[in-house]
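Asker: what's the 3D shape of this:
(chains A and B)
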Amino acid sequence: MAIKTLPLSGTFAAFCLLFSTILSSAAQAAPTESELESVGERYLELASAAFSASLDEALLMQRAVEAYLLSPSETTLQNAKDSWTTARKPYAEIEAFRFGNVIIDNWEPQLNAWPLDEGFIDYVDHSMYFYELGNPVGQANLIANTSLSFGPQTLDLTELDSELLASLNELGGTEANVATGWHAIEFLLWGQDLNGTGPGAGNRPISDFAIDAADCTNGNCDRRRAYLKSVTELLIEDLEWVITQWDANSADSYSNEFAALNSKEQLRRILFGAGSLSLGELAGERMKVALYANSPEDEHDCFSDNTHFTLLHDQIGISNVLMGQTNFAGNLSSGMSVVELLEVHDPALASQLTAALNNTTQVISLIVDSAQSGVAFDQLIFPGNAEGAAMIQDAIDALVVQTRAIEASAIALGLTSLAANTEGHF
Amino acid sequence: MRFRYPYIAILVAASATAPVFADPSLPGGATTTQFQDANAFSQPASNLDLEARMNFSIGNSFFRNPWIAAPATATARDGLGPLFNTNSCQGCHIKDGRGHPPLPGQAQAVSTLIRLSIPETVSTPRAASDGVVAEPTYGDQLQDFSVAGVEPEARIQWDYEYSNFEMWNGSVVELRKPIIELTHLAYGPMHPDLMISPRVAPAMIGLGLLEAIPSEDILANADPEDANQDGISGRPNTVWDGIDRELVLGRFGWKASKPTVEQQSAAAFFGDVGITSTLSPSESCMPAQTSCVEAPDGGYPEISDELLGLVSFYSRHLAVPARPDAAEPDVVAGEQIFTEVGCAGCHKPNWQTGLVDSPALSNQTIYPYTDLLLHDMGEGLADNRPDFDATGQEWRTPPLWGLGSYQVVNGHTQFLHDGRARNALEAILWHDGEAAAAKNEVAQLSEDKLNSLLLFLDSL
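Answerer: Next up, the predicted model:
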């Protein structure tokens, strides 16, 4: 934070001292520097645990994907899909760390970019595929082609290794050209969801990954196999890298950079991240847009119809960050949580925030219940499904209430604004 | 005629807005983003609160994702075309930045379009609400894409002719100019007096701030008769406001032919994507284009007022990137040259925004480097296609903010209305007419000074 120092005359300085004493005694609510720092400590411990949990599940997914590639069968495919769905949950929980920390926000697209033009990666049913016309490679089909020309460039696609795939993201400047990450893996496991807003997810045949070329459907099974292997490896590499950034024992890690920040800036990043995921991303991009557009293309995990779990675990991630707890890593020991700090300084607001977090989790759980009883998110947004629309609108409303409580907490804990400091002093 | 603020209603909470401060390294004031990477043009205004960011996100989605042909079973995103240039805003405003001229072999131009019209005469009069007289068969814009069952209007053959510009020291800068031919005309010949104007999609940053500059301040800076005899006669364009149904100051588009971001957005949805709205209620089919007229539509309006409002909100709140090098001595020296040679006469560095309905955009000191006025730029750049009060040689001064970010955001630096300039120097050397004196000064600069000037431009 920029602190402007002014030369003070003796009298004026004395007045200021007196004034600040009066202020602090009148408003005992202001948290101390060490209290704020302890909130940052808890956050860093939680980050390290949460990102590690995501890697653990992702490694199990990689094992299941490799088993599928080794011996493609309905069983190994189902195991791979189940492991993807399971691994999505702890990943969704770390999204609460994204918006407040630029390093995470910059790291994230290679893992979780969405929506994607799937014709960039593989064959598609063109009657159900609408890509951006300004996208020169929206039908590139990386799996079917060993080279790719657009404009003056020709790219060599012979080896579909993780380095090549990473370099192809946003090719030609179009964000929908997503070659890597969770949704690329999801598309390769499930395939296009051709059911629109009707029941059912994507249903890619196992013969798309046939070992023997004679059994291969839709061509290029060897390259599709290589693609799935590489793209899964890259996801693991990326998670391993980011875990080093949350390692307090590594001198040049982001964790240490964060710990060295002014404590108010730490708190701002924590709350801004939770609030942005809550409102702009979950309530806005992932729910309100889908409601407005009634379009399964606007569903986050659209190939697998897993959107409900991702929404729920995004919310659980927000709750974890503010409560300073997890459901997977036992009790965290360091510092204190945002809610615990509020309990000291503004108990009423602490209760209000806790209630808002719990209520939102509860309301989003109803969307999960619906999906598990056969009516998935893409059916809830079908035009005319008033009950489905109301269920999603309830979740949006709960997220709005929750975000207002997060903003109120920021003010109660001494922040003037959640927005990034535009003076560049982070 | 009277001019007015774009938004005048919700102006009560004056005392609640942040104090004004001026910092050239923050060209968008408190809205400025610190992002400097490929996403530098895609950030929300930094001072937006979380609830406003939700609206920004929703607008972003409808700006980014493709529209599809009607009828589609279950989506509000249908209604594309029947004739169109692209299927999403992002298709032209690539990464919220600039489009580019067609690449060799590119079948459709996508992020570049061609405007069409014929001269205004007694027998072909111009309506007060229109800037031009549309070409009678094809309308006022060529659409080279279409839905199934409808013929695209034409193909665009895009070549260049090259010339050399000699600097004072004898060094030569090669310039190129597009030579455009329209082929495969699907609906018969064009009018013999056809006028065309190629337009590359401009960047989206800072539009709400430009909209928030009080009209009277822009007008106070105009000098239509060149009363101060500096050779520069900034003229306002006076254009139709389709909401208030009156003539007002134009600000947006290459000839400042639209008064507000929302009306510019509605016009682009209509002309470029074929999406109707309450502001542009009928499909962009001319009567002779029967297959277009008869094609299914996506229900009226194809974009609701609410969604158009959200896309406009998004468009108004895209942040301008910071200038971390603004205070570097070489950059400061370059800006001094920029001022001395006369560039700042039209590329007016700074403005103060007024109090508008968006608190984030209000009372900001901004550095867009434009006067938002029309200037005669000479024959070389002329499209010879008038639009409202803009003559065939006049263009609106484009803002220069973000100039140094195009390479990282869009991977190129093709400037001017048709992308003919391949870098900032070529763009400068195309200046003529009112800007001839400044251009000639630049051509006389020593190598050091020229580099310093270009360094300054790259710092924007």
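
Asker: give the contact list for the residue of the stretch 1-150 of chain B found nearest chain A.
Answerer: In the stretch 1-150 of chain B, the residue that lies nearest chain A is residue B:91 (2.8 Å; CB to the nearest CB). Glycine gets a C-beta too; all of them are placed from N, C-alpha and C. Contact partners of residue B:91, counting by CB atoms under 8 Å, 6 or more residues apart in numbering or on different chains, are A:132-135, B:66, B:110-111.

Asker: Got the confidence number for residue A:151?
Answerer: For residue A:151, the pLDDT comes out at 64.

Asker: Quick check: residue A:338 touching residue A:271?
Answerer: Yes: using CB atoms under 8 Å, residue A:338 is in contact with residue A:271, at 7.1 Å.

Asker: residues shared between the contacts of those two?
Answerer: residue A:409.

Asker: for the host helix or strand of residue A:66, the distance to its chain's centre please.
Answerer: Assigned by DSSP states H and E, residue A:66 belongs to helix A:33-70. Here the centre of mass of C-alpha atoms in helix A:33-70, compared against the chain's by CA atoms, centre = their mean, to the nearest Å, lies 13 Å away.

Asker: And the helix or strand just after that helix, what's buried?
Answerer: Per DSSP H and E, the first helix or strand lying C-terminal to helix A:33-70 is helix A:74-94. Residues of helix A:74-94 classed as buried: A:76-77, A:79-81, A:83-85, A:87-94 (neighbour count, 16 or more other CB atoms under 10 Å in any protein chain shown).

Asker: Same question for stretch B:34-50.
Answerer: B:34-35, B:38-50.

Asker: need the residues of the stretch 151-300 of chain A near chain B, please.
Answerer: Proximity of the stretch 151-300 of chain A to chain B is confined to A:151-152, A:170, A:173-176, A:196-197, A:275-276, A:278-281, A:283-285, A:288-289, A:292-298 under the rule CB under 8 Å from any CB of the partner chain.

Asker: Mind checking which of these are buried?
Answerer: A:170, A:173-176, A:196-197, A:275-276, A:278-281, A:283-285, A:288-289, A:292-298.

Asker: Mind checking which of those residues are in helices?
Answerer: Here DSSP state H is the test, and those give A:275-276, A:289, A:292-293 as lying in helices.

Asker: so which pair among these is furthest apart in space?
Answerer: Greatest spacing in these, by CB to CB: A:275 and A:293 (24.2 Å).

Asker: can you map out the strands along the stretch 1-150 of chain B?
Answerer: Taking DSSP state E, counting those that start in this stretch, the strands of the stretch 1-150 of chain B run over residues B:68-69, B:78-80, B:83-84, B:112-117, B:141-142, B:145-146.

Asker: For the chain, which element, helix or strand, carries the lowest mean pLDDT?
Answerer: By default, I'm working from chain A. Lowest on mean pLDDT, DSSP states H and E among the helices and strands of chain A sits helix A:10-26, with a mean of 38.

Asker: Switch to chain B, please.
Answerer: strand B:68-69 (a mean of 82).

Asker: can you list the residues that contact it?
Answerer: Applying CB under 8 Å, 6+ apart, the contact partners of strand B:68-69 are A:130, B:75, B:77-78, B:80-81, B:87, B:147-148.

Asker: list the contacts for the residue nearest to residue B:187 when sequence neighbours are not counted?
Answerer: Excluding the flanking residues, the one nearest residue B:187 by CB to CB, 6 or more residues apart in numbering or on different chains is residue B:137, at 5.2 Å. Residue B:137 makes contact with B:187-188, B:190-191, B:286, B:288-289, according to CB under 8 Å, 6+ apart.

Asker: Farthest pair within the residues you listed?
Answerer: B:191 and B:289 (14.9 Å).

Asker: ok, these two, which is more surrounded?
Answerer: Neighbour totals were compared for residue B:191 and residue B:289, and residue B:289 leads with 24 against 17 (other CB atoms under 10 Å in any protein chain shown).

Asker: how close does that one get to chain A?
Answerer: The spacing between residue B:289 and chain A, counted by CB to the nearest CB, to the nearest Å, is 20 Å.

Asker: follow-up on the earlier one: just the strands of the stretch 1-150 of chain B: most buried one?
Answerer: Most buried of the strands of the stretch 1-150 of chain B, by mean neighbour count (mean count of other CB atoms under 10 Å in any protein chain shown): strand B:83-84, with a mean of 28.

Asker: so where's the chain shaky on pLDDT?
Answerer: As the question left the chain open, I've gone with chain A. Along chain A, segments meeting pLDDT under 70 span A:1-29, A:134, A:136, A:151-152, A:197, A:297, A:329, A:420-426.

Asker: actually chain B
Answerer: Residues of chain B that meet the criterion pLDDT under 70 lie in B:1-21, B:72-75.

Asker: Name the single longest helix found in it.
Answerer: Chain B, longest helix under DSSP H: helix B:50-64.

Asker: got the CA positions of that one in CSV?
Answerer: This file holds the C-alpha atoms of helix B:50-64, laid out as CSV (Å, rounded to 0.1, in the frame of the first residue of the first chain):
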residue,chain,number,x,y,z
LEU,B,50,-18.2,-7.3,-6.8
GLU,B,51,-21.9,-7.0,-7.8
ALA,B,52,-20.9,-5.0,-10.9
ARG,B,53,-18.3,-7.6,-11.7
MET,B,54,-21.1,-10.2,-11.9
ASN,B,55,-22.8,-8.1,-14.6
PHE,B,56,-19.5,-7.7,-16.3
SER,B,57,-19.0,-11.5,-16.4
ILE,B,58,-22.5,-12.0,-17.8
GLY,B,59,-21.9,-9.4,-20.5
ASN,B,60,-18.5,-11.0,-21.2
SER,B,61,-20.2,-14.3,-21.9
PHE,B,62,-22.6,-12.9,-24.4
PHE,B,63,-19.8,-10.9,-26.0
ARG,B,64,-17.6,-14.0,-26.3
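
Asker: now for it, which elements pack on it?
Answerer: helix A:263-276, helix A:289-293, helix A:386-412, helix B:89-92, helix B:305-316 (3 or more CB pairs under 8 Å, 6 or more residues apart in numbering or on different chains; DSSP states H and E).
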